[in-house]
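In: Quick one: sequence and predicted model below, then my questions.
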Amino acid sequence: MEIIVGKTAGFCGGVFYSVDKASKYVLDNKSVYCLGELVHNKQVVSSLEEKGLKFIEDLSEVKDESTVIIRAHGVAKEVYEEAERRNIKLYDLTCPKVLKIHEQAKKYLDEGYFIILIAHKEHPEVIGTISFCGQDSFIVETKDDILDCLNKVKNSKKKNIVVLAQTTYSIALFNEIVNILKDKLDNGYNFVVNNTICNATESRQKEIKELASLVDAMIIIGGKHSSNTKKLYDISNEICSNTYLVETVSELHDDFSVYNKVGVMAGASTPKESIDDVVNYLKSYDK
Ligand code: SF4
């Protein structure tokens, strides 16, 4: 069996940065909390827990003089405000690319723009970003949201509109939504498109398309809550019907000996060990 592992599989720069810094910090400091999952991967979270990192869902759970780590996806502006009010020390490990989007949101808000965020409403990164966008903003998650979005734009009376995106949103869908918005808005609007989809996401989505068309089966490894992993699965599944989505090798039960060529890809929060486990499992078919 030929096994092809995607070149972009596994930790992106932002996840590596957050996990690396958090791992070192928790070893050097006594009481450290992390607000929400540092990254969307159970194995990574468990390994940090073993090192002593305590995961909490809300700042109200911080009772002592601990430090609170801000996860890679970032948090809402209210979290920073509450921490300042209560003198809680933060160690901000938000991915620098996500912080850049927060900065852009603040800038466009100050300049009086209406901000359209093309994103998944419930994703932690999006909950963070939208908090910096002000009242005149709207999240478009699917094409079905476009009409409501345009109504809100009209009611706001704003003529300057900027579009931003969740870092892990689908590029194809982003372009589709932007084109529909352009078509529906008349000439009286200044329409700025700022594609903030991360290039790590872009190259991964591009590679999975190529890889899925070369193999008989694809295995995507990643956390069940990971948006970028789900997207990889969707893209691959459209091209290769034998696409498997697993968090760890223990979920692979089918007989892979029927395949000659198997591709392996992993989401941005998937550790190298999980990829190696799957590759070793596939290699065992040749023994
Ligand atoms: S996918 Fe991009 S934006 Fe998201 S954590 Fe990784 S590097 Fe940062």
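Out: In hand now; what should we look at?

In: Going by C-alpha atoms from here, please, whenever you check contacts or count neighbours.
Out: Will do.

In: Dump the helix or strand E84 falls within to CSV, keeping only the CA atoms.
Out: Assigned by DSSP states H and E, E84 falls within helix 77-85. Taking Å, rounded to 0.1, in the frame of the first residue of the first chain, the C-alpha atoms of helix 77-85 are listed here in CSV:
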residue,chain,number,x,y,z
LYS,A,77,-13.3,41.9,24.3
GLU,A,78,-15.5,41.6,27.5
VAL,A,79,-13.0,38.9,28.8
TYR,A,80,-10.1,41.4,28.6
GLU,A,81,-12.3,44.0,30.3
GLU,A,82,-13.3,41.6,33.1
ALA,A,83,-9.7,40.5,33.7
GLU,A,84,-8.6,44.1,33.9
ARG,A,85,-11.5,44.9,36.4
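
In: now for that helix, which elements pack on it?
Out: The criterion is 3 or more Cα pairs under 8 Å, 6 or more residues apart in numbering; DSSP states H and E, and there are no helices or strands that helix 77-85 contacts.

In: tell me which residues in it are buried?
Out: V79 (16 or more other Cα atoms under 10 Å).

In: Please list the residues of the protein that sit near the ligand.
Out: Taking Cα under 6 Å from any ligand atom as the contact definition, the chain meets the ligand at 12-15, 72, 95, 97-98, 167-168, 198, 200-201.

In: let's see it at 5 Å
Out: By the rule Cα under 5 Å from any ligand atom, the part of the chain lying against the ligand is C12, G13, G14, V15, C95, K97, C198.

In: Taking the chain, what residue is nearest to the ligand?
Out: G14 (3.8 Å; Cα to the nearest ligand atom).

In: follow-up on the earlier one: turn the buried ones among the residues of the chain next to the ligand into a named PyMOL selection, would you?
Out: Entered in PyMOL, the line below selects the buried ones among the residues of the chain next to the ligand, by 16+ other Cα under 10 Å:
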select buried, resi 12+14+15+95+97+198
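
In: Using the three-state scheme, assign L27.
Out: helix (DSSP: H, G, I helix; E, B strand; the rest coil).

In: Show the contacting residues for it.
Out: L27 sits next to K51, G52 when contact means Cα atoms under 8 Å, 6 or more residues apart in numbering.

In: give me that answer again for 10 Å
Out: Applying Cα atoms under 10 Å, 6 or more residues apart in numbering to L27 gives the contacts L48, K51, G52, L53.

In: Next up, phi/psi of the first one, please.
Out: Taking degrees, to the nearest 10, you get phi -70, psi -30 for the backbone angles of L48.

In: gap between it and N29?
Out: 13 Å (Cα to Cα, to the nearest Å).

In: out of these two, which sits in the busier spot?
Out: Comparing L48 with N29 by other Cα atoms under 10 Å, the one with more neighbours is L48, at 20 against 12.

In: Now do the SS call for the residue minimising distance to the centre of the chain.
Out: By Cα atoms, centre = their mean, the chain has its centre lying nearest to T168, at 4.6 Å. Three-state assignment for T168 (three-state DSSP): coil.

In: and what of S250?
Out: Put simply, S250 is helix when judged by three-state DSSP.

In: check contacts around the closest residue to A72 other than its chain neighbours.
Out: Excluding the flanking residues, the one nearest A72 by Cα to Cα, 6 or more residues apart in numbering is T94, at 4.1 Å. With contact set as Cα under 10 Å, 6+ apart, T94 has these partners: 14-15, 17-18, 38, 69-75, 125.

In: Among these, which ones are in helices?
Out: Among the contacts of T94, DSSP state H puts G14, V15, Y17, S18, E125 in helices.

In: Format the residues you listed as CSV; extra columns: pLDDT.
Out: Rendered in CSV, the data for these read as follows (pLDDT from 0 to 100):
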residue, pLDDT
G14, 94
V15, 94
Y17, 95
S18, 95
E125, 95
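
In: Which stretches in this structure count as strands?
Out: Taking DSSP state E to define them, one finds strands in the chain at 2-5, 32-35, 54-56, 67-70, 89-92, 114-118, 137-140, 160-165, 190-193, 217-221, 243-246, 261-266.

In: Out of those strands, the one nearest S274 is which?
Out: strand 217-221 (7.5 Å; Cα to Cα).

In: relative to strand 261-266, how tilted is that closest one?
Out: Strand 217-221 and strand 261-266 are oriented at 20 degrees to each other (axes from the mean of the first three to the mean of the last three Cα atoms, to 10 degrees).

In: Run me through the strand neighbours of strand 217-221, direction for each.
Out: Its sheet considered, strand 217-221 pairs with strand 243-246 (parallel), strand 261-266 (parallel) by DSSP bridges.
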